[in-house]
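Student: next one to model:
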Amino acid sequence: MRPAAVGEILIQKANCPLSDEAELHAVLTDARAAAAARNVLLSGDAWRTVRLLASAARCTLQAGRGDFALPLITTAFDLCPEPFRRLASLQNEKEAMEGCALVRPMLTAAKSEGVGQDVPAVVCTALMVWHGALASTASTSSCPRGFFRFSHVAGEILTELAMDASTLDKLAECWLYNTLAFADRSKNTKAAAFYLLEELQDEIQTPELRERDEWGLVCSAGRNACVRVGLHGPQVVAKWDRLCMNLYAEGCALLHASQEEVQRRASGAMSILRKSFATEKTCYLIDFRRPLQMSSQEATLLRDAAASTDLCVPREDFTPIRVACFLKQFTGREGCNSSVSFPFASVSSVVSIAQRHRYADIAIELIRTGSAPSLGDDSLLLWGTELECLINRAVGSDGAGVECAPRERASTHVHFGVPSPLLHEIAQEWRATDVLRILASSQTVEDKLPAGLTMIRGDRTIGHQILRDKIVPSFVLDGLSRLIVCLVDEGDLPLARCFIPLVAGICERMSSQANLLVTLHAIAAFAQGCHYDDTDGYWTTVTRVLLPVLLPRSSGMSPPYRQTKSVVAGRTFSLRRRVFDAFCGTFHTRENVHSHCQLQVLLTSDHEGVQLSRSSGVEGMTVWEKVLPVGRTLLEMVARMREIEAQNRRHLEATLYNKEVSLLGKEKMEAPSDATEAFSNSEVERQSRKARAEWWEQRQAFDSAIRKVVEKLQSDECFGCWRVAMCGDLPPSCLLELKRVAAQLIHDIGAPAHHMLDVTLILAGLPFLGTRFCAGGKLLFSPSHGSAEGKCASCDEVLCNLSGALEIELLKNGIAAPSTGLLSVLRGACLCALATMCKTISVACESELGHLDLFSLSRSSLYLVLDNELHALPLEGMDVLLTGNVARVPTSTFISTSKAESLDICDGGVYCVIDPAGDMPKTSKRLLPVCQRTGWKTSTQSVPCGKLMHELYSYRAKAYFYVGHGKGERFLHRGELYERLPDPEEFPAVFLMGCSSAYMEGGASYDSYGMPYAFLHAGCPLFLGCLWHVTDGEIDRLTKRLLLLLAGEAVNDGDGASLLPPRTVGEALALARRACKLPFLTGCAAVLYGTNLSLERTVDG
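Tutor: Residues are numbered from 1 along each chain as shown. Predicted structure coming up:
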């Protein structure tokens, strides 16, 4: 057989695959020889060898022998003419190359040398064979960096060299198939995905997903069209889908492993949270400032855990999933018939983790993948655009446009004879999504509070529906944390504490650094609210530990309560009213309010002074203001009252204990002999008398201690002469005449005109400038006697004393200057003022000698708006307030929005609860006969817990009397009252005649909190209770007389004289106080909150 000619083997094998290495060696040797010899078979065509080698490589590759095809194609490029031969080094390039820069000189050379038109096609085919051979020979040890750099340059060259669109379509499809095949064979799913992402850099809007330094590519948008053009055909699309699914699965495994590691690291911190709030309730606590079950060391551990990134899944752990989602979305944009769909349960779980760590942008990316819940799947409240909108609102803190069920629906719950609904009973009829949107994006307490209360108070339907969702609890956590901070700022610490257990519970279930920071921010805000009045230092320590996690205050937030306390009274009460007004309508201010005046008593911000602000209902009288430097004195007296009350309580508790011990001892005593019994009885009686005397001695000591506090309040050390600001207004005509007298007096003594209001006020309270008034006391005077000096010694003495007292006050306050004729001028002014006052006194009050009692002047009701730290003071014991027309109110607008004006219980409508515990038989014996009247209902020892409110409404009670232990919260809890829609139309007046029933907690950083405000908030027009602990016998005497006076019966004052019928509840209370043996310890304990209702009978028809 003759030897084959040079190039013959190559021609023979050009269209058939090589089967072994011998054939490969022979073909390569023949090709090199032919190229070197310019064999006649290949002469005149330098590209002939290249074409034949490329054809052989292609056939061999199609036969599945990429290992043989690879040397064939690389040899073909080695044999290409220059400048095409440069392509042979593509696979071995170490630096980034730009394919377009390589192609341009080649095309120029081809045109100038007249190379055939099929050269670009030959190069493209050869490149595709080379690319395919590399992909088919890939393994797990292959270097993805080199392959993808080669792929990138090849793609750019193919894009430039393709002669037409159809050719580019075929080449691009093949190129993309090879690229994806490499990913399958080399198990480099992530690397392939990132490479494709880099090729699509102009399509992606998230730069952080691109890792440009990873491959060393020089990418220019649109230079490599193979990715976009090649994504068609079922095989390519299937491989693309497989790449997306594999990458997504790998990403999920990485992410869940990372989250499990976070939960493992967070286990210690979550255990502390669980332990700290295991016993914490979401109901109102009387002692809302009690320490948490969390030590300062545990708080430090929580703070350190929140500051550590160990509890945070890094953003980069989401990257594979994000890339997979982007590539999946790209197939949709290109119109490919892709069948890939990530499992919805998996996607929603990833969104949940992203939201848990507050990666809002990542969560939105994943939501946009298009995964959708199956029909009937209600595991998620929101998805798609609704959830995306919620995330955007939460991130932007834009509560505008938050819509929920119409607020007017509250009116549908109001029924005659039935208590008004609780706030959460209205809100729980909203959809769960409404509650969620409000918590997530609303910024106002008025919106957030109803939604928050629904979460902790509702029938659990909405709460369960929201909290079982895997994504949205983090929105609830953020919303409730902001609500807690807002409530603390508003001074409502008791309500703020109710939400902390739920916040801690959500954080424990969904542990993350972000959730722990949000939770600790809420706890820190509450601790900071408590530490200003901290007694044992617990909250101060917790505040100091958690201070680093407190977020800076935003400009739109309301100032903290402590910053507004000196200028705004009842801020919390007003806030709650605004919340409820949104449901049941604003309480419109009445134009015609019963005659009254109001005095606001607020401590200054430095606590050094007290700001008095008095407004009058008399037309023409402007607001009077005065700052007295007695703030510290008042606070000292508050502390003294707390001390007296603590001693008083211990004394009563010891008395109760001794009684129990005594009774127990009697039960165990054996029957004595007659002689022993006689001696024993006398000894027991002697000891009993001694104990009783000592007991009364101690009670009188407490009474005396409170009397000293009252005396100091009205002394010059405190209010002094300016206590006359607490006098009610005289009749308008009288007051206007006094104003003229004051103007004349200022003129006569040459005083500055700006003292006009001061002098008018002093003249209106002139009778109290002399000897201090005591209960039942009188100040008799007759103008006719005073005008004729010497006619009546007693009147001369009164006028002399009042003139002297007026002189002292005017000089002391810098209103008048010392002069020889000053006293004479003042005597004349006093006589004019007293004569004007006496014209208002009824003739029936005139004594036998024609004297009139200046203390019986008709005055309007006075309403005290007190600083929240001053409620413990026995102000009603001061001489200017003993007549009783005084009541305490929470805000300066309370009376103008109150609807009730009178109380008429003579014909019934009284609901009495007497001794519900059944351990006060003497009380029952004293009061039951008084309460057994027509139209009155009395319950003893049989009051159903939790049903009393319905009983009051079904009975249509006008007044509710409670006589028993404490505040009666077992039957009507403050939490129920604070959260019930106010019902000023039907709610009865309330009389809680139990120990400390009117006690009000208040501090520098939180508003007044107690049963009086709870009842007033619920719509109660009037509340009467006790500021401290009292004994049953004493309070029974006061209660009995009060009941009789309110019922319209004639009552004797103990000396046989009948008491004048009271015109108001306040006057009735003042008269009832006089029945007490301890006028300060018991009498001053009973105070009135709300509207001082008139006792005039209502007229039918």
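Student: show me the shaky parts of the stretch 351-500 of the chain.
Tutor: The model of the stretch 351-500 of the chain has pLDDT under 70 over residues 375-378, 397-416.
Student: same thing but at 50, please
Tutor: Across the stretch 351-500 of the chain, the ranges flagged by pLDDT under 50 are 398-401, 404-409.
Student: quick one: secondary structure of residue 620?
Tutor: With DSSP: H, G, I helix; E, B strand; the rest coil as the basis, residue 620 sits in coil.
Student: residues contacting it?
Tutor: Residue 620 makes contacts with 736, 739, as judged by C-beta atoms under 8 Å, 6 or more residues apart in numbering. Using the backbone N, CA and C atoms, a C-beta is placed for each residue, glycine as well.
Student: again, but for residue 626
Tutor: Shown in contact with residue 626 (C-beta under 8 Å, 6+ apart): 611-612, 722, 725, 758.
Student: tell me which element the closest residue to residue 853 other than its chain neighbours falls in.
Tutor: Distances taken as C-beta to C-beta, 6 or more residues apart in numbering place residue 778 nearest to residue 853, at 4.5 Å, with adjacent residues excluded. Following DSSP states H and E, there is no helix or strand that holds residue 778.
Student: give me phi/psi at residue 778?
Tutor: phi -140, psi 150 (degrees, to the nearest 10).
Student: number of residues surrounding the residue nearest to residue 1045 when sequence neighbours are not counted?
Tutor: Distances taken as C-beta to C-beta, 6+ apart place residue 1068 nearest to residue 1045, at 4.2 Å, with adjacent residues excluded. Neighbourhood size, residue 1068 [other C-beta atoms under 10 Å]: 26.
Student: ok, now residue 134?
Tutor: Neighbourhood size, residue 134 [other C-beta under 10 Å]: 23.
Student: skipping adjacent residues, who's closest to it in space?
Tutor: Once flanking residues are discounted, residue 134 sits nearest to residue 147: 5.9 Å by C-beta to C-beta, 6+ apart.
Student: so residue 282 makes contact with residue 455?
Tutor: No: in this structure, residue 282 is not within contact of residue 455 by C-beta atoms under 8 Å, at 9.0 Å.
Student: between the two, which one's more packed in?
Tutor: The residue with more neighbours, out of residue 282 and residue 455, is residue 455; 26 against 17, by other C-beta under 10 Å.
Student: disregarding flanking residues, what is the spatial nearest neighbour of the more buried one?
Tutor: Excluding the flanking residues, the one nearest residue 455 by C-beta to C-beta, 6+ apart is residue 463, at 4.8 Å.
Student: you'd agree that neighbour is in a helix?
Tutor: Yes: under three-state DSSP, residue 463 sits within a helix.
Student: who touches residue 543 in this structure?
Tutor: 524, 527-528, 531.
Student: with residue 144 instead?
Tutor: Residue 144 neighbours (C-beta under 8 Å, 6+ apart): 182, 186, 188, 191-192, 195.
Student: farthest pair within the residues you listed?
Tutor: Across the contacts of residue 144, the longest distance by C-beta to C-beta is 11.8 Å; it joins 186 and 195.
Student: the two: who's more crowded?
Tutor: Legend: neighbour count by other C-beta under 10 Å for residue 186 and residue 195, higher for residue 195 (26 against 19).
Student: so for residue 282 and residue 455, which residues contact both of them?
Tutor: residue 502.
Student: related to what we said a few turns ago, which residues does the residue nearest to residue 853 contact?
Tutor: By C-beta under 8 Å, 6+ apart, the neighbours of residue 778 are 853, 855-856.
Student: now residue 1086
Tutor: Residue 1086 is in contact with 993, 998, 1024-1027, 1035, 1038, 1069, 1072-1073, counting by C-beta under 8 Å, 6+ apart.
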